[in-house]
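> No sequence on hand, only this structure:
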């Protein structure tokens, strides 16, 4: 299902090359000031245009259809729409019989009996992260005391950011793509948020993060490194009555519940699947494996645009657990 | 909430040193043969006793209270109860004012205003994985054509299993603990299981895996390594009409949907938090930081018992998405 | 929340005088032929215009934003939008301080701190039944073998339909309004649909029916008359191997599960709350009770338009339980 | 599914003649004083023994397995168990081939392929209202300021209570049974509880009421009478700043939201299906319709025991919407 959340519930819809993508958000308290301008900064962060990101350009102006009256939220569900304008479906026509490696083409056709909209990955498109980011903007408004910031931690295994631009340009020139790691830190989250087991903060946040196309891994605090540590290294000594710990290997969460320290989560983003370099895939019409080179307009490093999406996912999870 | 699932829904309850722990499972189809014996193998895998695992011994015999009639499931909810027998709550009394680093003691007291049952971590105890494993046994019965197998991939960063016993014994003798990595592989899962976005297989499986106490990270297929790969390396060429790929960097999932290849997920398990080595923590009564050495009976490497729990979590997720 | 359903999930949004009302429908199987024309008949049944119904006219043409491709459903969520065109908000301005008896004006302002959109009852408007009817059209498409038909059983206590037109005209001329009873019959529903307790067919259907503005009562089969019957009268003798009963006092449901006989449910619809006749209400600005006469365009008998809405609600419930 | 609720979530389990019936309750705040004695009054009200009610006697002492520590709720889920003691399954053996009219026997066997536990109606038994009443006791504890009281309004169409005893005795002597109407009034519920559409108070309350075996109708305020009233009669004039109305035809709810006036709901309970009088039903083994007289121990008027069950259902609904 394309719905998430109990207190703050979002319902995504849309296809990459259909009339629109959008989201319905339910559970927004009444009386929160909100305007179309509030979306600009995050939507701009997500937008393509720089090196390594897609040259496709959309206005990406949110149309708020409901739930807002005289500049304040009303308590009723908010529907936000983004019209698709700059679609070039013909780019995808030649691929009809050759499911792209790394993409959902084959599973979508299999699961939906060939009735899925295949243009630009249809409902599986990264374009669906647009309404997700919009929902994240609203979620952050519900958490004014909480600072949620995601940043790129690595591109292609390189953590020094000044090297990324050249790396990406060089790989893009080869017709290849790069992955990356995004880290999100949440400061100001009160202790006591979350619950043991199935509403653990890790469960809920990871649920949303793995809903983002291209995410391969999620870790909290010391993450996978914890598996290689000793208890005496990994444990976080509690040093103050407010729960402050002298290190933060748990990433701000114990027993599924926030402990008042910064929440730290890292997300592995795969390299863009669409590459110009020749790959091989099955031609489902002929049953033979044949070479494939993907044209069209694509990011060569989706991780570069992922920070704001990760931020949105974390914000939505926290808004739902507030 | 302690409930998970839409089609196959489980509700956990119990505390480590209360009368019992258990689970109610709803959504089991009628007519599946099931007996108490079916639980034995998995419960034995989870049970303590070997090096590095807790000397606490429980009978751990499931009492099936409902949903079973003449050896077959009835279609009604199945309640499974495990009485707690071998509880030594006095082990925990000295810790009342000193929340243990790495444990939920502090957050539980904070969130529940001191009303939580603190004995043996109460509802936050790893003992709750017992009914989870029981639910996993039932879940696997619903997926007879699917083979779900988890194994330990690393202990303390070491992947050669013949070295683990000595490592764990040596670290335990020091009063310290070790973490590990568990890998779960699912073979025979049909293509088409899961959905894009919030019911993505990764989302649902990770949701359950992060509900297991002590899990710090979850990754699928190439996982975090994918973030350091190029698209031409990470992409899985499709080579047969049934969706078979010549490599499996996606871990058997595209667009949130199983693609018919083996599903591969890895889980980072932290080192046991309870260690005999001296740590420091706050004395909440005095407000001072003081040394702490934890006695009682504890695993020095919970990862050693985690494989069957991971297996159960994956099985429950798949039973819910079937 | 404005979301309903697990298998067939709908999310309503919109306000009476905002830009649009609409619905996102998730869980639609792929491959169902659907067009804008399929909505015409039911939307026309719901539309105002005849005696006793509102003279407000909307085009009410559904705009399908997603989930449909080349005339077939895709398996992705379908967003359906209805723009609001013919809104005359000024009709409502004089009422700002005088909550209308029988309406949600007072509770909405109370619950949402005055931030609710008050124009034309905002999100509480009967106009939200428009996307509900649209969702019902889609729901019926999922149940091609099932015939769901609702009809008006009573208007103002009168069950002979040829008298209704004059009754309603006469009451409308007095500035008053009438209630009615709608009966819905479902034929062809297979036995076995539903479940005991919280997913009982009665529970799920009644949940949706009571979501319709103005519904005061719901009864199945013999309904309230059953409370005045003896067991020997009310029981339905089973007379054939397919579960056929010789009477149908249970309304086609036993133990929450369809028994293969026609499902029969009746719904009490209150008289329209907005009336021209002088009523009394509180002026919240002055704190005094004062007379109120409601102008604007209103149905004098919403029950006349309710049959198709009841039909939609029942269809949605059954689509979710299929 | 046998689970209900988002904030206050209950999961029912058990069969009439299995080892036990019970409930797991999640979402109970920590720190509420609770003891086994708190359940006594309501369980006694539900218990059989008087004229017209079953002579089956159970101890019906709740065993609280979790979620309670030192006399206070802990914030963890509470499992409550009732062992079944006085079961006489042999009473039911002769009925194996003759599904009882008005019961779920036929649908249960049909839906669950004959694997359902048929003894004493199994999971469909009215005995499941025992854990429901227990959950109601806990729910009321969460709403200390709210007074929820249900009473019998009619038995066999007679509203004067002093006549009921003789009526029921006389009908029971004939081997027949009677239905009744239960009314529940809630005083002290603050305005603002509930929401428009799918979480309307009517929807949520009716959902739970129709989960009670034997309920045929639910109405709020004027209920079905509203369908025969004019707007000028049915509307409730608002007469005070706190939302007080001078009549209460809406039953305390507008737009799905409590308006601060007493919430009034009425429930039609069918006559007991099990009667000694000869009925007819299908013999599924022979395929012929044959006479049936039901022995065993049964209420001749389940409505007499239903008030506390209705009260529990309403309390659970309100605890979930608080």
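Nice, thanks for sending it over. Quick caveat: nothing in here was measured; it's all calculated off a predicted structure. Numbering: from 1, shown residues only, chains lettered A, B, ... in the order given.

> so the nearest residue to residue A:287 once chain neighbours are set aside is in which element?
Here the nearest residue to residue A:287 in space, its sequence neighbours aside, is residue B:241; by Cβ to Cβ, 6 or more residues apart in numbering or on different chains that works out to 6.1 Å. Any C-beta I mention is one placed from the backbone N, CA and C, and that applies to glycine too. Per DSSP states H and E: residue B:241 is located in neither a helix nor a strand.

> I figured residue B:241 hits residue A:284, correct?
Yes. With contacts counted by Cβ atoms under 8 Å, residue B:241 reaches residue A:284, the gap being 6.8 Å.

> What parts of chain A come near chain D?
Within chain A, the positions adjacent to chain D are A:6, A:76, A:196 by Cβ under 8 Å from any Cβ of the partner chain.

> Show me just the buried residues among the residues you listed.
The neighbour-count test (16 or more other Cβ atoms under 10 Å in any protein chain shown) applied to the residues of chain A next to chain D identifies A:76, A:196 as buried.

> near chain C, from the residues of chain A next to chain D?
When the residues of chain A next to chain D are filtered against chain C using Cβ under 8 Å from any Cβ, the residues retained are residue A:76.

> With respect to residue D:169, which of the residues of chain A next to chain D is nearest?
Within the set of the residues of chain A next to chain D, residue A:6 lies nearest residue D:169; the separation is 49.6 Å, counting by Cβ to Cβ.

> what kind of secondary structure is the residue of chain A most remote from its centre in?
Checked against the mean C-alpha position of chain A, the extreme residue using Cα atoms, centre = their mean is residue A:286, at a distance of 36.0 Å. Here residue A:286 takes the coil state, with states given by DSSP: H, G, I helix; E, B strand; the rest coil.

> Tell me if the host helix or strand of residue A:153 is near chain B.
Taking DSSP H and E as the criterion, residue A:153 maps to strand A:147-155. Yes. Strand A:147-155 reaches chain B (Cβ under 8 Å from any Cβ) through residue A:154.

> how about the residue farthest from the centre of chain A, what does it touch?
For residue A:286, the set of contacting residues under the criterion of Cβ atoms under 8 Å, 6 or more residues apart in numbering or on different chains consists of residue A:97.

> where does it land on pLDDT?
As predicted, residue A:286 sits at a pLDDT of 94.

> separation between it and chain B?
Here residue A:286 is placed at a distance of 10 Å from chain B (Cβ to the nearest Cβ, to the nearest Å).

> next one: residue A:139
Relative to chain B, residue A:139 is positioned 15 Å away (criterion: Cβ to the nearest Cβ).

> Go through the strand holding residue A:153 and flag the buried ones.
Residues A:148, A:150, A:152-155 are the ones in strand A:147-155 that count as buried (16+ other Cβ under 10 Å).

> from these, which is closest to residue C:308?
The nearest member of these to residue C:308, counting by Cβ to Cβ, is residue A:148 at 45.2 Å.

> my guess is the closest one contacts residue A:142, does it?
No. Proximity of residue A:148 to residue A:142 does not meet the contact threshold set by Cβ under 8 Å, at 11.3 Å.

> For residue B:241 and residue A:284, work out which one has more neighbours and name it.
Neighbours per residue (other Cβ atoms under 10 Å in any protein chain shown) separate residue B:241 from residue A:284, with residue A:284 holding more: 18 against 10.

> Identify the residues contacting that one.
With the criterion set at Cβ under 8 Å, 6+ apart, residue A:284 makes contact with A:97-99, A:106, A:109, B:241.

> measure it to residue B:223 for me?
When Cβ to Cβ, to the nearest Å is the yardstick, residue A:284 and residue B:223 sit 29 Å from each other.

> try residue A:15
Using Cβ to Cβ, one obtains 29 Å as the distance from residue A:15 to residue B:223.

> what does residue A:215 give?
Remark: distance between residue A:215 and residue B:223 (Cβ to Cβ) = 10 Å.

> between the two, which one's more packed in?
More neighbours surround residue A:215 than the other of residue A:215 and residue B:223, with 28 against 22 (other Cβ under 10 Å).

> List the beta-bridge partners for that one.
Bridge pairing for residue A:215 (DSSP bridges) gives the partners residue A:269.

> Would you mind listing the residues in contact with it?
Contact criterion Cβ under 8 Å, 6+ apart gives A:209, A:267-270, B:202 as the residues in contact with residue A:215.

> Quick one: the helices in chain A, in order.
Taking DSSP state H as the criterion, chain A contains helices spanning A:40-46, A:105-111, A:129-141, A:164-173, A:201-209, A:231-234, A:303-321.

> Run through who's touching the shortest one.
Under the contact criterion Cβ under 8 Å, 6+ apart, helix A:231-234 has outside partners A:222, A:226, A:249, B:102, B:176-179, B:270-275, B:277, B:279.

> Please state the offset of it from the chain centre?
Relative to the centre of its chain, helix A:231-234 is centred 32 Å away, using Cα atoms, centre = their mean, to the nearest Å.

> try the fifth one
Between the mean C-alpha location of helix A:201-209 and the chain-wide mean there is a distance of 12 Å, by Cα atoms, centre = their mean.
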